[in-house]
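# sequence first, then the predicted structure:
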Amino acid sequence: MLVVVIGGTGLIGSRLVALLTEQGHRAVAASPGTGVNTLTGEGLTEVLQGADVVVDVSNSPSFEAAAVLEFFETSTRNLLAAEAAAGVRHHVALSVVGTERLPESGYFRAKIAQEKLIEGSSIPYSLVHATQFFEFLAGIVDSATDGSTVHLAHVLIQPMAADDVAAALRGVTLGAPANGRVEIAGPERLRLDDLGRRFLTARGDPREVVTDPAAKYFGAVLHEDTLVPHGDAVLGSTTLEDWMAR
């Protein structure tokens, strides 16, 4: 099977390429660094020749509302058009659990727009909704920092390791198109503020986490279960303690 991974040199993409290659599949890492740019369309026709599956794990270089919307809409349109011309049989896209519940955030509005384009295309698809990655905890904490304090809500979160994300994506990639969503998550439910405290303590970071019900998450107010799966989810095996020990 020939799988083209858009964003294949990044955190998740590089892991997915490695896993697929280990199983004997031909996995191609496509990114601006390898001459493939979904925003301009450069290199798409060439890299998709003979591809069976395309996995899009790319992300916008800017999280500013207008820029991120432009990225996801333009790149997804270009990618889907090139896939249709190449006869790709399965489009897999990585998204975020709770995306549809966070329309106040410009980033998540852009992800919603991306998903609508995929759902409206002629190509069979799978939308993989993942919970937050352990590897993004530093960014979550930094975005909530005001001086020496970190404002986080006491809401549920079920984070997962990048290795588990890639493993789940491999399973979806090699399977039949879901033509819908597949949710994946970590093995344990935590509280966002408690998670922040544990993370900072482990790093020896002196910032203080303040539990703040009104604290926003990338521009959106969180409810109790905004960030966790509402139904069955494929669970990874790596706990917070496992990840921090590494």
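Ah, there it is.
# R197: how many residues sit nearby?
19 (other Cβ atoms under 10 Å). Heads up, the C-betas are built off the backbone N, CA and C, glycines and all.
# G147 now?
Around G147 sit 7 other residues, with neighbours defined as other Cβ under 10 Å.
# could you check how far it is from T76?
38 Å (Cβ to Cβ, to the nearest Å).
# may I see the buried residues of stretch 143-160?
144, 150-153, 155-160 (16 or more other Cβ atoms under 10 Å).
# can you give me the strands in the protein?
Using DSSP state E, the strands found in the chain span residues 2-6, 26-30, 53-56, 90-96, 125-130, 145-146, 149-152, 156-157, 181-185, 190-191, 208-211, 216-217, 220-221, 234-235.
# so which of those is the most packed in?
Of the strands of the chain, the one with the most neighbours on average (mean count of other Cβ atoms under 10 Å) is strand 53-56, at a mean of 28.
# from the contact counts, what lies against the longest helix along the chain?
Counting residues, the longest helix found in the chain (DSSP state H) is helix 65-86. Applying 3 or more Cβ pairs under 8 Å, 6 or more residues apart in numbering; DSSP states H and E, one finds that helix 65-86 contacts helix 44-47, strand 53-56, strand 90-96, helix 106-119.
# could you dump the ones you listed into a markdown table and include mean pLDDT and distance to A214?
What follows is the helices and strands packed on helix 65-86, written out as a markdown table (pLDDT from 0 to 100; distance: least, Cβ to Cβ, whole Å):
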| stretch | mean pLDDT | distance to A214 |
| --- | --- | --- |
| helix 44-47 | 97 | 43 |
| strand 53-56 | 98 | 34 |
| strand 90-96 | 98 | 22 |
| helix 106-119 | 96 | 18 |
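# quick one: which of these is nearest D225?
D225 lies closest, by Cβ to Cβ, to one member of the helices and strands packed on helix 65-86: strand 90-96, at 14.3 Å.
# what's next to the closest one, contact-wise?
Contacts to strand 90-96, defined as Cβ atoms under 8 Å, 6 or more residues apart in numbering, come from residues 12, 52-57, 76, 79-80, 83, 108, 111, 114-115, 118, 121, 123-132, 165, 169, 172-173, 176-177.
# how about stretch 99-108?
Residues outside stretch 99-108 that contact it (Cβ under 8 Å, 6+ apart) are 60, 63-66, 68-69, 96, 98, 109, 111-112, 115, 129, 217-221, 223, 226.
# try stretch 44-54
Around stretch 44-54, the neighbours that count as contacts under Cβ under 8 Å, 6+ apart are 1-6, 28, 30, 35-36, 38, 78-79, 82-83, 85-86, 88-92, 173.
# buried ones in that stretch?
Residues of stretch 44-54 classed as buried by neighbour count (16+ other Cβ under 10 Å): 44, 47-48, 51-54.
# what's the answer for stretch 12-30, then?
Going by 16+ other Cβ under 10 Å, stretch 12-30 has these buried residues: 12-17, 19-20, 25, 27-30.
# next: stretch 191-202.
For stretch 191-202, a neighbour-count test (16+ other Cβ under 10 Å) marks 191-193, 195-200 as buried.
# residues contacting it, please?
Residues contacting stretch 191-202 (Cβ under 8 Å, 6+ apart): 137-138, 140-141, 144, 150, 152-157, 159, 205-207, 209-212, 217, 222, 227, 240, 244.
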